[in-house]
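1. Fold the following for me, if possible:
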Amino acid sequence: MLHIIEVILKILGLLGKIFLFLLLVLLAVLLVLLLSVLFVPIRYHLEGCHGKAVTRASGQITWFLHLVSVRFAYLRETGFVYSVKLLSFEVLGNEAKKPKKRAGAFLPKAPGRRKPKRKIPAGRERGSFGKQHQEEGISKKNSQENQSSGKYFPERDLSEKHFQEKDTSEKYLQENDFSRKNLQEQHLSEHPSDAAADPKKEPDKEPGTPAQKTAKAPIQEPSVRETQKESPPQKKAGGRNFLRRVREVWRTLLSRIEAVKRFFRSLYLRMKDFREKALRIKETVSYYLNLLNAKETRTYLRKVKFYALKLLHHIRPRKASGYLRYGFEDPSMTGILTGVLYCLQPANMQGILLKPNFDCQAFEFEGDVEIDGHIRLCHIVWIAIRLFFDKNRKEIFRRLKEGGKQNGHRQ
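-> Next up is the predicted model:
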């Protein structure tokens, strides 16, 4: 029993050692990756060319022996093109891929026999199918539909004879109808008793001529006395209308006075709110101006300026070559630009040759420049940590959160 327990403990110890070893290996790999990200430089290469015929700009950014690479270019013909590659495999980009050549694509094609053209019989050319074929198809379709529904009608001739027969049949029906009407009238004249028994014709109920029927009884107009009796006295109605008008005018006047009061009251409240907002804005502006002039803010801004110049010194290009030819209509502008470009020469820009033109009659710019450099992320991370954990930054952010509660001075 004890021997089994010892074996189990040995196995557990061996597994623990293996686990610790794997954990240490994983931590070492992560540490190597972190150090490589921080200390392996990111290299960049920039090119630019501008002239009368060509306008070109391109660049390349690589890291860790081209493990990650970014390329971009601008041409006047194609526009902006870029590509992002990881282990030489493209991840992102809009670069046009070159077509792959197939095996044997460079060989000429073997001459082959051409297929003979198919002869089309007469009457079946394109666009000359003919009305005869259309009529045959329509008649076949109609016969199939009629047979499926249980009805069968023989095919009709779509020629001119069919329409002539149709016209003659319609004339025959009209003549028969006219003869029927004549026979009915003759029968009714010989036998008047049948006309009386005919329910369709109703005799006139009211006797008399149509002029007597349309005549109407005369309308009696009311007399003058009756109208005078019915009309009310005008004096009482005029007095009541006057009082009513006075009341309406008084009510409208009161409503107008109330509206004017409301308008001036709302105007007073708006002016009061505007004054309070202006005072608040003045307090906040004075607060932030005092915070900007505070001792902590000035010392922190000095540190930011120092570290920014240090970072620019690190990012500056290591190599530069090429030339620049430029000129303005005004020679003074050409001189100012020349002075600015000569100020940049200490930043490893001595390889660029400047060719100012003081006698040009219009704006002129031409050049071809190449720049190489590198950046290490450890410098950027170190500067960010120093600025983030600064005491003055904490004090400034604390006072910014407080807002306008204080007067801008420390208590």
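
2. can you give me the helices for this protein?
-> Here the chain has its helices, by DSSP state H, at 2-39, 131-148, 160-190, 192-197, 210-214, 224-230, 234-292, 295-315, 331-343, 377-388, 391-402.

3. Least reliable of those helices by average pLDDT, please.
-> Per-segment mean pLDDT for these reaches its minimum on helix 210-214, at a mean of 44.

4. I figured Glu370 hits Pro317, correct?
-> No: judged on CB atoms under 8 Å, Glu370 makes no contact with Pro317 at a distance of 9.6 Å. Yep, even glycine has a C-beta here, placed from its N, CA and C like the rest.

5. Would you map out the domains in the chain?
-> Domain assignment for the chain by automatic domain parsing gives 2-29+42-93, 237-281, 294-402.

6. Export the ones you listed as TSV, with columns for distance to Tyr288.
-> Converted to TSV, those look like this (distance: least, CB to CB, whole Å):
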stretch	distance to Tyr288
domain 2-29+42-93	38
domain 237-281	11
domain 294-402	8
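
7. ranking these by burial, who's on top?
-> Of all the domains of the chain, domain 294-402 has the most neighbours on average by mean count of other CB atoms under 10 Å, namely a mean of 14.

8. Straight-line length of that domain, end to end?
-> 15 Å (CA to CA, to the nearest Å).

9. Next: stretch 349-358.
-> Criterion CA to CA; first-to-last residue distance in stretch 349-358 is 22 Å.

10. ok, and what's touching that stretch?
-> When contacts are defined by CB atoms under 8 Å, 6 or more residues apart in numbering, stretch 349-358 is touched by residues 317, 319-327, 331, 334-335, 337-338, 341-342, 345, 364, 369.

11. at 6 Å instead, please
-> By CB atoms under 6 Å, 6 or more residues apart in numbering, the surrounding residues in contact with stretch 349-358 are 320-325, 327, 331, 334, 338, 341.

12. And Leu158, what's its pLDDT?
-> Looking at Leu158, its pLDDT stands at 44.

13. Kindly report the same for Ser321.
-> pLDDT for Ser321: 91.

14. OK, contacts around it?
-> 351, 370.

15. Quick check: the gap between it and Ile375.
-> According to CB to CB, to the nearest Å, Ser321 stands 20 Å off from Ile375.

16. for Phe306, same thing?
-> From Phe306 to Ile375 the distance is 19 Å (CB to CB).

17. ok, now Arg240?
-> Look at Arg240 and Ile375: by CB to CB, they are 99 Å apart.

18. Got phi/psi on Ser88?
-> Per-residue torsions, Ser88: phi 60, psi 10 (degrees, to the nearest 10).

19. For it, give its distance to Val40.
-> Ser88 is 18 Å from Val40, by CB to CB.

20. now do Leu46
-> Relative to Val40, and taking CB to CB, Leu46 is found at 20 Å.

21. repeat for Tyr342
-> As judged by CB to CB, Tyr342 and Val40 stand 35 Å apart.

22. Could you do Phe242 as well?
-> Relative to Val40, and taking CB to CB, Phe242 is found at 104 Å.

23. what's the closest of the contacts of stretch 349-358 to Asn293?
-> Lowest distance from Asn293 to these (CB to CB) belongs to Leu341, with 36.4 Å.

24. Next up, the contacts around Ile383.
-> Taking CB under 6 Å, 6+ apart, we find Ile383 in contact with 307, 311.

25. what does Tyr323 give?
-> Contact analysis of Tyr323 by CB under 6 Å, 6+ apart lists Leu353.

26. and it, what are its bridge partners?
-> Taking DSSP bridges as the rule, Tyr323 bridges to Leu353, Asp368.
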